[in-house]
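Participant: Sharing a sequence plus its predicted fold:
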Amino acid sequence: MRRSTAAAVGTLTGAALIIGVRLSVTPPEAPAVAAPVADLADSTPAPKPSSKKPVAGSKEKPAEKPAEKPKSGLKDGVFKGDAAANPYGRIQVSIKIEGGEIIDAAATYPTANDSATINPPAIATLKQSTLKAQNADVAAVSGATYTSESYVKSLQAALDAAKA
Amino acid sequence: MGTTVSIELGDDRPEAELRGLIAGVCDWLHEVDARFSTYKADSEVSRFGRRELRLEDASADLRHVLEACADLWRDTDGYFDAYASGALDPSGYVKGWSVEVAAARLLAAGSHDHYINAGGDIRMRGNHPDGGPWRVGIRHPWEADKVSWVLALHDGAVATSGTYERGDHIVNPRTGRPAEGLRSVTVVGPDLSVADAYATAALAMGEAGIAWLAKRSADGYGSAVVTDDGRAFSSANLPAAV
């Protein structure tokens, strides 16, 4: 039994132009997604998630996500970063390491004055974590891609091209 | 100004049928563009904005859009505002809504496995052609070729708003000034138009949007946020891939 897949890319510009329509029929065994990964980035899984932080004054320890390397060189224990100032006060992040892996991350927030109205729910439901930068095997990408020009440069465009 | 739409159908059906389904989606999205674009002087929205079209003469679709924008304005404490720039611009709702409608039509036409990605806002159903859920990456806000989260969904919507693409495009409607504090906001939930509006509203709120999003979690809308200084936050109900 074969599986048909179809995909198309259209652009809703003034000219209402369809820039590509394609169909492919592949046997289900074909690992259709292998190709995109290979050429989206130099296939090596990033040895370290190089989380780019544009602002220096914040918290993290050199907190590599340990998934790739079992031996991360991280010592077990709880580590606190430097407190960082933001419009609501000072925030300090701590991470808990067990077996060389980050098993928890939390932030302490100021409790004085107006900040109290902002922080408790955030701590309750939105958990802070280390920002990852990974090359992942995905079918689609969600991002702020507002224009055709930015689409052309997007990861989604590369995925579409790889499937064509 | 244009939005690019990617469509993938994973249904085991003859090519001609799949091609026909895709054509139907494209036709609908072009129709929406013609009727709701604020860049087209003769669109229904433009005519309504210039008061050449009375509300009672507007199409059912336009009245729905206006009502939904009013509801979302209330639900977001005014941070989702179709009049943020002064003139009527319901694009922030129309995009998600039109994709919701397109996906519902695909389902009605018998497509159970599909996704539609309109400018980074995605509605999906069913399974990936290889089986299992659709895996959706959330673009890293500084590295365009990387993702910062991977989600796995069978049925749902993922919308991302960010300041990294058009600079300070998102305006805080309360101050009239560009939103700042958050770099990227992703909302995941059952309806793309709501998810998109929530993401836009939270981005406009700035850092206070993190707490606001936390409250939306109880309504079935999960979220993932990156601040301007690179801190990452996510809700417990974010459907992260394992």
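Facilitator: Yep, it's here.

Participant: where does the chain have low pLDDT?
Facilitator: In the absence of a named chain, this looks at chain A. Along chain A, the parts satisfying pLDDT under 70 run over A:1-73, A:84-92, A:106-125, A:146, A:164.

Participant: let's do chain B instead
Facilitator: For chain B, the stretches flagged by pLDDT under 70 are B:1-2, B:166-169.

Participant: ok, now how distant is the residue nearest the centre of chain B from chain A?
Facilitator: What sits nearest the mean C-alpha location of chain B, by C-alpha atoms, centre = their mean, is B:Asp196, with 3.5 Å. Between B:Asp196 and chain A the computed distance is 10 Å (C-beta to the nearest C-beta, to the nearest Å). For the C-beta atoms, the positions are set from N, CA and C on the backbone; glycine is no exception.

Participant: ok, now which ones touch that residue?
Facilitator: Listed by C-beta atoms under 8 Å, 6 or more residues apart in numbering or on different chains, the contact set of B:Asp196 reads B:Gly92, B:Tyr93, B:Lys95, B:Gly96, B:Asp121, B:Ala157, B:Ala159, B:Ser161, B:Val187.

Participant: tell me the SS of the fourth one?
Facilitator: Put plainly, it is B:Gly96. When classified by DSSP: H, G, I helix; E, B strand; the rest coil, B:Gly96 comes out as helix.

Participant: Quick one: the strands in chain B, in order.
Facilitator: B:3-9, B:114-118, B:121-125, B:134-139, B:147-153, B:156-162, B:171-172, B:177-178, B:182-189, B:222-227, B:232-235 (DSSP state E).

Participant: how about B:Leu88, what does it touch?
Facilitator: B:Leu88 sits next to B:Thr38, B:Val45, B:Phe48, B:Gly49, B:Ala82 when contact means C-beta under 8 Å, 6+ apart.

Participant: Show me which of the contacts of B:Asp196 is closest to chain A.
Facilitator: B:Ser161 (5.7 Å; C-beta to the nearest C-beta).

Participant: tally of neighbours for the nearest residue in space to B:Ser161 that is not next to it in sequence?
Facilitator: The shortest distance from B:Ser161 to any non-neighbouring residue, by C-beta to C-beta, 6 or more residues apart in numbering or on different chains, is to B:Ala199 (4.1 Å). Other residues within reach of B:Ala199 by the criterion other C-beta atoms under 10 Å in any protein chain shown amount to 34.

Participant: does B:Leu21 really touch B:Leu106, like I thought?
Facilitator: Yes. Using C-beta atoms under 8 Å, B:Leu21 is in contact with B:Leu106, at 6.0 Å.

Participant: which neighbours do those two share?
Facilitator: By C-beta under 8 Å, 6+ apart, B:Leu21 and B:Leu106 have these common neighbours: B:Leu9.

Participant: re earlier: most neighbours among the contacts of B:Leu88, which one?
Facilitator: B:Val45 leads the contacts of B:Leu88 on contacts (other C-beta under 10 Å) with 25 neighbours.

Participant: Check which helices and strands the longest helix along chain B sits against.
Facilitator: Ordering each helix of chain B by length in residues (DSSP state H) puts helix B:15-36 first. With contacts taken as 3 or more C-beta pairs under 8 Å, 6 or more residues apart in numbering or on different chains; DSSP states H and E, helix B:15-36 sits against strand A:3-12, strand A:17-26, strand B:3-9, helix B:44-49, helix B:60-75, helix B:91-108.

Participant: packing partners for the third one?
Facilitator: For strand B:3-9, the contact count by 3+ C-beta pairs under 8 Å, 6+ apart identifies strand A:3-12, helix A:148-152, helix A:155-163, helix B:15-36, helix B:91-108, strand B:114-118 as packing neighbours.

Participant: got the angle for it vs strand B:134-139?
Facilitator: Orientation note: strand B:3-9 sits at an angle of 160 degrees relative to strand B:134-139 (axes from the mean of the first three to the mean of the last three C-alpha atoms, to 10 degrees).

Participant: got the contact list for the residue nearest to B:Gly181 when sequence neighbours are not counted?
Facilitator: Spatially, and ignoring its direct neighbours in sequence, B:Gly181 is nearest to B:Gly206 (3.2 Å; C-beta to C-beta, 6+ apart). Contacts for B:Gly206 (C-beta under 8 Å, 6+ apart) come out as B:Asn172, B:Ala179, B:Glu180, B:Gly181, B:Leu182.

Participant: hmm, back to that, which one of the contacts of B:Leu88 is nearest to chain A?
Facilitator: Out of these, the member with the shortest distance to chain A (by C-beta to the nearest C-beta) is B:Thr38, at 12.3 Å.

Participant: for that closest one, phi and psi?
Facilitator: With angles defined as degrees, to the nearest 10, B:Thr38 sits at phi -80, psi -10.

Participant: Quickly note the distance from it to B:Ser91.
Facilitator: 6 Å (C-beta to C-beta, to the nearest Å).

Participant: Quick check, B:Gly189 in contact with B:Ala195.
Facilitator: Yes. Counting by C-beta under 8 Å, B:Gly189 touches B:Ala195, with 4.8 Å between them.

Participant: hang on, the earlier thing: which of the contacts of B:Leu88 are close to chain A?
Facilitator: Of the residues in the contacts of B:Leu88, proximity to chain A by C-beta under 8 Å from any C-beta of the partner chain holds for none.

Participant: Report the two of these separated the most.
Facilitator: B:Phe48 and B:Ala82 (11.4 Å; C-beta to C-beta).

Participant: Please identify which of B:Gly189 and B:Ala195 sits among more neighbours.
Facilitator: Under the criterion of other C-beta under 10 Å, the comparison of B:Gly189 against B:Ala195 puts B:Ala195 first, with 30 against 21.

Participant: ok, back up a step: which residues do B:Gly189 and B:Ala195 both contact?
Facilitator: Listed as contacting both B:Gly189 and B:Ala195 by C-beta under 8 Å, 6+ apart are B:Ala157, B:Tyr221.

Participant: about what we covered before: which stretch among the helices and strands packed on helix B:15-36 comes nearest B:Trp28?
Facilitator: Closest approach to B:Trp28 among the helices and strands packed on helix B:15-36 is made by helix B:91-108 (5.4 Å; C-beta to C-beta).

Participant: What are the buried residues along the closest one?
Facilitator: In terms of neighbour count (16 or more other C-beta atoms under 10 Å in any protein chain shown), helix B:91-108 has its buried residues at B:91-103, B:106.

Participant: re the thing from before, for the helices and strands packed on helix B:15-36, could you give me CSV that also reports distance to A:Thr147?
Facilitator: What follows is these, written out as CSV (distance: least, C-beta to C-beta, whole Å):
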stretch, distance to A:Thr147
strand A:3-12, 10
strand A:17-26, 14
strand B:3-9, 8
helix B:44-49, 19
helix B:60-75, 22
helix B:91-108, 13
